[in-house]
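>>> Using only what follows, build the 3D model:
(chains A, B and C)
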Amino acid sequence: MADETPDTPDTPDASADDAVTDASAVAVEEVPAIDPAVAALFERFEAALGDGVVDHADSFGTLVVRVKPDAWKRAAEVARADLDCDYLSFISGIDWMPAPKPAGDEGGDTSAPVQPDTMTFGVTGSDGRLQVFAHVQSTTRHWGVTIKTDVADPAPTVDSWVSVYPGADWHERECWEMYGVDFSGHPKIRHLYLPGEFEGNPLRKDFALLAREVKPWPGLVDVEPMPGDDTEEGDS
Amino acid sequence: MPHMTLALEIGWGTTLAIKTLLVLAIIPVGALILGYTFLLKMMSHMQSRLGPMDPGGFHGWFQLVGDGIKFLQKEDIMPAESDRRVFAMAPAIVVISTFLIFLVVPTGPRLVVKDLDVGVFYALAVSSLSVVGVLMAGWASANKFALIGALRAAAQLIAYELPLLLAVVGVVIQAGTMSLQGIVGAQVDGSIFGFSGLGNPFILTQFVGFFLFLIAAQAELTQTPFDMPVAESELVAGYMVEYTGFRFLFFFIGEFGTAFAFAALAATMYLGGWAIPGVTGGMADLLGPLVLFVKLMGVAFLMFWVRFTYPRLREDQLQAVAWKYLIPIGLLNIIVTAIIKVAV
Amino acid sequence: MTSTETPGFEVDPALYSNLAGSQVNVELDTGDMILNLGPQHPATHGTLRLVVRLDGERVVAADPVIGYMHRGYEKLSEFRTYPQITTLINRIDWLSSFANEVPFVHGAEQLMGIEAPPRAQWIRTILTELSRIATIYLFLGEMGLQVGALTPAFWGFRDRELVLNLIESATGGRFHPNFNRIGGLKDDLPWGWIAECRTTMDKILRGCDDFEDVLVGNEIFEARTRGIGIIPGELGAAYGVSGANLRASGIDWDLRRDGKPYLAYPELDFKVWTHSDGDSFARYWVRLQETREAVRMVIQLLDGLPAGPIMAKVPRIIKVPEGEVWVETENPLGQMGYYIVSKGATGPFRVKIRSASFSNVSILPWLLRGVYVPDVITIMGSLYFILGDIDR
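The predicted structure follows:
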């Protein structure tokens, strides 16, 4: 048992000095260094899909492609036929709008991490606040691609993938109820998680987390400042 | 043994009362013994646990009695949509069918409630009465799980009635009588290749029949691997799903009581029943119940060993086992037995 | 380019029938019976509701209804800081909580550009494999219960307890360790843990032999599972079925070997087991072999455990730079992934949780057509899902 030295973890080596600087320096400016493998994968994708592609990026070794909304279903077919992506990992949505601050500046819930007020759109950008994105993978080639597309805000609609990936069924039902995105061509879109009479789209940013509205985060009450902690979480 | 003869000289009314009480007592007692020994203890040890240890002091022997008392205290719930009268009658019918079997099982040369000439036939006939109770329970519960369970039980019990009967026919042919007492007698008087010291327990000649009987009895008892009707992982509890309190207790007693009865029948027909070599007369009356009990526990051990080890068959596979394998084997067994009987 | 043929599958409307919406107790057509399995049912491991339309004992259509345990972790994650989120995701697949934490913490580390020191990576790998053993070992026993054999289930619980004890003594939590920190681990292994782990691994191996004797070699078990619930590999992948369920259909794909390198897996020697049948038996068999493989891996890891710190240098307040990352790991139940979108705050802007059971179960409507009621249980048991992993 000589190798089990229960040393204290709170005194890390001084050798790991670059961590702090790294953490603040790595903002994801995707364009410069793109992995050759990812680039090659994108070549294949673009060759097959043509002008349906809007933008692409290499996000930590994963190809992210943003396609036009009308090329959404064709992107799936291309991924399946030309990229050998036979495996559907997930389909989901994202709402880029910053969450409205509850109850103004004072009061309300202040425990949630403060997100920037401006709307930014991630690595491949977006036209509006709502996007649908999916990840497909190849079980033989061991690569994967994340495909994104923009959907309109008032009445978001996009083609269904059910005929390409049957597994899209539940994912699209989830996305439909969580973001209100309609999938045209889905055989029967209906609630998946939520009860049938539920109203609203919970994962949209303007759908308030009711628990936090009703009662502030219990962790806020009697919060003692951490020893040596006088910068961030004081008694504001 | 003057006091033994004394007991037989009391009036018929008193005798009847004593007999009735004894038979009435034997079902819950048998169920308790089997339940405790096998369900609580043997199964627990097979599964690397101890089972109940505290109630009653010694290895939790009181646990089942306590459970019984608990069941009696419980609220008697009937589903609103149930057919109330049928619902209430069903458990009683299941228990009565068990109860009736014990009337013909001999526990000594003179210790038998009624030694019918058609004892075997009678025992098997009344044992299948329980199907009616099960069907009633399933139908009256107004529950789909219960109904599916009951229909499965009916299909299964009918299918396995045949191999059970065919297995017993071998014994009947060899013994030349359908009376259970006669069968025991045939085993006591028999000889193995001329050596008559041990008699001739029919398990030696009817071993095929014995295993047929055990398998079919397992199905009759709806025990694993034939427990489709109560399959707890799919039908929750099958036809018993809506039963609570003492009505459920009845089913429980019926289940283990019937296991007790079938083990007793198997011990009687194949292992020589109450007889052990060299003990006759009054002594046999005295030791008979004990001997039968020991043999019966041996048979029950086999049954429960299988029950706690095997997965269960699917309904169609279960039917296939009965019709494709057990029944042909049973018929073959009868033919061979008959040929040997005539030839020897 | 050459989009030779339009790939895809025929959309069969029968698979999308809304059985759950039908009035279960008022049946106008008397030919078929609608049976409601769950949400309270012994075979559903929690609160899955399965509405099946039966013709006799044969399933005509099945509609799984989920969401009885939906806790909205994706929404809640937007209101938590990164260290707080690990407590939430612990409860997704509650049988292998530690394995849930790893990809999330890994993703945050990637975004921050830090890397946990080797010792931390190795200990993470050990604990991930231990939770894999704990999860699958329970399955090995419970599968017996699903087909009616009571005893193996208790063996499963018995030996899993030993593994949970190990996890507890290392992390302090049996089910929800919450042991990962961004940049490393909370603590080092306690004294004597490695020796204890070795003896436990021996017991697990012996337990696997027991399962092989009692179930795999049992004719009734084979009769109940062989040819039941066959998932064709191609269709399974298109449904997003992953993990042992997909490998049992002949698809040789394991993220520990084939995905982006993570933890200490690139340095380990292990075999990815596959089976060509794709039925319930194959799924059982593959998991049995995977348990043994996991034991082998744990022993290798114990042998080669490097010394050194267990925590990288991380800032006191964890702020994750802007970016988005997709991290995936091979969890006991299949592919577990997080798509983390950060906007430079102390908490993520959006976390998409890709859990294995969700996709594994989504194939049920296709898989359950035409089988018998008992097979429904066999198939659900062999797919092995955790409700928390479906509902999130």
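
>>> Model confidence score at the closest residue to chain B within the stretch 101-250 of chain C, please.
With CB to the nearest CB as the measure, residue C:148 is the residue of the stretch 101-250 of chain C nearest to chain B, at 3.0 Å. Heads up, the C-betas are built off the backbone N, CA and C, glycines and all. At residue C:148, the predicted lDDT confidence score is 81.

>>> quick one: it is in a strand?
No. The assignment for residue C:148 (DSSP: H, G, I helix; E, B strand; the rest coil) gives coil, which keeps it out of a strand.

>>> what's the first-to-last distance across stretch B:218-234?
One end of stretch B:218-234 to the other measures 20 Å (CA to CA, to the nearest Å).

>>> How many residues are close by the residue of the stretch 101-250 of chain C closest to chain B?
The burial count assigned to residue C:148 is 27, neighbours taken as other CB atoms under 10 Å in any protein chain shown.

>>> and what of the one 4 residues further on?
As a burial measure, the neighbour count of residue C:152 was computed by other CB under 10 Å and equals 26.

>>> Next up, the contacts around it.
For residue C:152, the contact set (CB atoms under 8 Å, 6 or more residues apart in numbering or on different chains) comprises C:140, C:141, C:143, C:144, C:145, C:210, C:211, C:214, C:215.

>>> State the distance from the closest residue to the fourth one other than its chain neighbours to residue C:273.
The one in question is residue C:144. Leaving out its chain neighbours, the residue that sits closest to residue C:144 by CB to CB, 6 or more residues apart in numbering or on different chains is residue C:152, at 3.4 Å. According to CB to CB, to the nearest Å, residue C:152 stands 20 Å off from residue C:273.

>>> before we move on, back to that, phi, psi for the residue of the stretch 101-250 of chain C closest to chain B please.
With angles defined as degrees, to the nearest 10, residue C:148 sits at phi 110, psi -10.

>>> circling back: could you pick out the buried ones from the contacts of residue C:152?
If you count burial by 16 or more other CB atoms under 10 Å in any protein chain shown, the buried members of the contacts of residue C:152 come out as C:140, C:141, C:143, C:144, C:145, C:211, C:214, C:215.

>>> quick one: the helix or strand containing residue B:28 to chain centroid distance?
Take DSSP states H and E as the rule and residue B:28 turns out to sit in helix B:12-34. If you compare the mean C-alpha spot of helix B:12-34 with that of the full chain, they lie 16 Å apart, counting by CA atoms, centre = their mean, to the nearest Å.

>>> can you check stretch A:194-201 too?
Taking the mean of its C-alpha atoms, stretch A:194-201 sits 22 Å from the chain's own mean (CA atoms, centre = their mean).

>>> And it, what's buried?
A:194, A:201.

>>> List of residues touching that stretch?
A:177, A:178, A:179, A:180, A:190, A:191, A:202, A:207, C:21, C:67, C:70.

>>> Let me see the contact set for the second one.
It refers to residue A:178. For residue A:178, the contacting residues are A:92, A:93, A:201, A:202, A:203, A:204, C:74, by CB under 8 Å, 6+ apart.

>>> For it, give its distance to residue C:80.
Between residue A:178 and residue C:80 the distance, using CB to CB, works out to 18 Å.

>>> Lovely, talk soon.
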